[in-house]
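> have a look; sequence and predicted model below, questions after that.
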Amino acid sequence: MPAAPTRVYNFEASWDSMRRGTNPEDVKAWVDMDGRLYPMTKVPVARNRWEAAIPVSEGRTYVPYKYRFDFKYPGVTSKSVESVWSPEYRLVIPDAASK
(Lines give C-alpha, C1' and ligand atoms only; values in the text may rest on other atoms or scores of the structure.)
Protein backbone atom coordinates (compact mmCIF):
# COMPACT_ATOMS: atom_id res chain seq x y z
CA MET A 1 0.00 0.00 0.00
CA PRO A 2 1.41 3.42 -0.85
CA ALA A 3 2.27 5.57 2.16
CA ALA A 4 -0.63 7.84 3.12
CA PRO A 5 0.38 11.37 4.15
CA THR A 6 -2.24 11.26 6.93
CA ARG A 7 -1.03 7.80 8.12
CA VAL A 8 -4.70 6.68 8.09
CA TYR A 9 -5.39 3.49 6.14
CA ASN A 10 -8.68 1.98 5.00
CA PHE A 11 -9.50 -1.61 5.89
CA GLU A 12 -12.37 -3.47 4.25
CA ALA A 13 -13.77 -6.95 4.82
CA SER A 14 -16.74 -9.10 3.95
CA TRP A 15 -18.10 -12.13 5.77
CA ASP A 16 -20.81 -14.70 5.16
CA SER A 17 -21.97 -17.45 7.47
CA MET A 18 -23.50 -20.79 6.61
CA ARG A 19 -24.89 -21.02 10.17
CA ARG A 20 -28.67 -21.08 10.07
CA GLY A 21 -30.51 -18.27 11.78
CA THR A 22 -27.66 -15.75 11.72
CA ASN A 23 -29.12 -12.27 11.31
CA PRO A 24 -26.85 -9.86 9.40
CA GLU A 25 -28.00 -7.06 11.74
CA ASP A 26 -26.49 -8.94 14.70
CA VAL A 27 -22.97 -9.11 13.18
CA LYS A 28 -20.23 -6.83 14.48
CA ALA A 29 -16.83 -6.57 12.77
CA TRP A 30 -13.44 -5.51 14.15
CA VAL A 31 -9.84 -5.06 13.01
CA ASP A 32 -7.33 -6.46 15.52
CA MET A 33 -4.05 -4.58 15.24
CA ASP A 34 -1.37 -4.96 17.90
CA GLY A 35 -3.92 -6.48 20.28
CA ARG A 36 -6.24 -3.49 19.99
CA LEU A 37 -9.71 -3.91 18.47
CA TYR A 38 -10.90 -1.18 16.10
CA PRO A 39 -14.64 -1.29 15.31
CA MET A 40 -15.68 -1.50 11.69
CA THR A 41 -18.75 0.17 10.18
CA LYS A 42 -21.21 -1.72 8.01
CA VAL A 43 -21.19 -0.44 4.43
CA PRO A 44 -24.81 0.65 3.80
CA VAL A 45 -25.10 -0.19 0.10
CA ALA A 46 -23.18 -3.48 0.12
CA ARG A 47 -24.20 -6.83 1.56
CA ASN A 48 -22.04 -8.18 4.42
CA ARG A 49 -19.28 -5.57 3.98
CA TRP A 50 -17.52 -3.54 6.67
CA GLU A 51 -14.88 -0.82 6.65
CA ALA A 52 -12.68 1.12 9.05
CA ALA A 53 -10.13 3.93 8.76
CA ILE A 54 -7.28 3.28 11.19
CA PRO A 55 -4.24 5.44 11.99
CA VAL A 56 -0.81 3.79 11.80
CA SER A 57 2.10 5.22 13.79
CA GLU A 58 4.77 7.18 11.94
CA GLY A 59 7.75 5.05 10.96
CA ARG A 60 5.90 1.72 10.85
CA THR A 61 6.38 -0.10 7.58
CA TYR A 62 4.92 -3.50 8.53
CA VAL A 63 1.64 -3.96 10.42
CA PRO A 64 0.12 -7.41 11.03
CA TYR A 65 -3.67 -7.43 11.52
CA LYS A 66 -6.67 -9.77 11.63
CA TYR A 67 -10.42 -9.38 11.31
CA ARG A 68 -12.85 -10.53 13.98
CA PHE A 69 -16.56 -11.07 13.44
CA ASP A 70 -18.96 -11.45 16.36
CA PHE A 71 -22.42 -12.79 15.59
CA LYS A 72 -25.51 -14.16 17.30
CA TYR A 73 -27.34 -17.31 16.32
CA PRO A 74 -30.41 -19.08 17.73
CA GLY A 75 -29.80 -21.45 20.62
CA VAL A 76 -32.23 -23.71 22.46
CA THR A 77 -33.62 -21.05 24.80
CA SER A 78 -31.83 -17.84 23.74
CA LYS A 79 -29.39 -16.45 21.22
CA SER A 80 -25.77 -17.53 21.54
CA VAL A 81 -22.76 -15.40 20.61
CA GLU A 82 -19.74 -16.63 18.66
CA SER A 83 -16.61 -15.00 17.31
CA VAL A 84 -14.61 -16.02 14.25
CA TRP A 85 -11.18 -14.71 13.25
CA SER A 86 -9.58 -14.28 9.84
CA PRO A 87 -6.06 -15.40 9.09
CA GLU A 88 -3.39 -12.80 9.79
CA TYR A 89 -2.76 -10.26 7.04
CA ARG A 90 0.04 -7.72 6.61
CA LEU A 91 -0.09 -4.07 5.73
CA VAL A 92 3.26 -3.16 4.15
CA ILE A 93 3.97 0.55 3.83
CA PRO A 94 6.99 1.64 1.79
CA ASP A 95 9.53 3.58 3.81
CA ALA A 96 9.51 7.12 2.38
CA ALA A 97 13.14 7.62 3.48
CA SER A 98 14.35 4.72 1.32
CA LYS A 99 13.00 6.22 -1.91
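Nice, I can see it.

> ok, residues contacting the helix or strand containing A29?
Secondary structure assignment for A29, by DSSP states H and E: strand 28-33. Contact with strand 28-33 is made by 11, 13, 15, 37-40, 42, 50, 52, 54, 63-71, 85, as judged by CB atoms under 8 Å, 6 or more residues apart in numbering. (Glycine included, C-beta is placed from N, CA and C.)

> which among those end up buried?
With burial judged by 16 or more other CB atoms under 10 Å, the buried subset of the contacts of strand 28-33 is 11, 13, 15, 40, 50, 52, 54, 63, 65, 67-69, 71.

> poorly predicted segments of the protein, please.
For the chain, residues meeting the criterion pLDDT under 70 lie at 1, 96-99.

> R7 touches V56, doesn't it?
Yes: judged on CB atoms under 8 Å, R7 makes contact with V56 at a distance of 5.3 Å.

> so of the contacts of strand 28-33, which ones are in helices?
Residues of the contacts of strand 28-33 located in helices (DSSP state H): none.

> tell me, what residue is most central in this protein?
V31 (3.4 Å; CA atoms, centre = their mean).

> so how far is V76 from it?
33 Å (CB to CB, to the nearest Å).

> in its sheet, which strands sit next to the lengthiest strand in the chain, and in what direction?
Counting by DSSP state E, the longest strand found in the chain is strand 62-74. Partners of strand 62-74 in the sheet, by DSSP bridges, are strand 28-33 (antiparallel), strand 79-85 (antiparallel), strand 89-92 (antiparallel).

> just want to know which of R7 and V56 has more residues nearby.
Neighbours were counted for R7 and for V56 using other CB atoms under 10 Å; V56 has more, 20 against 14.
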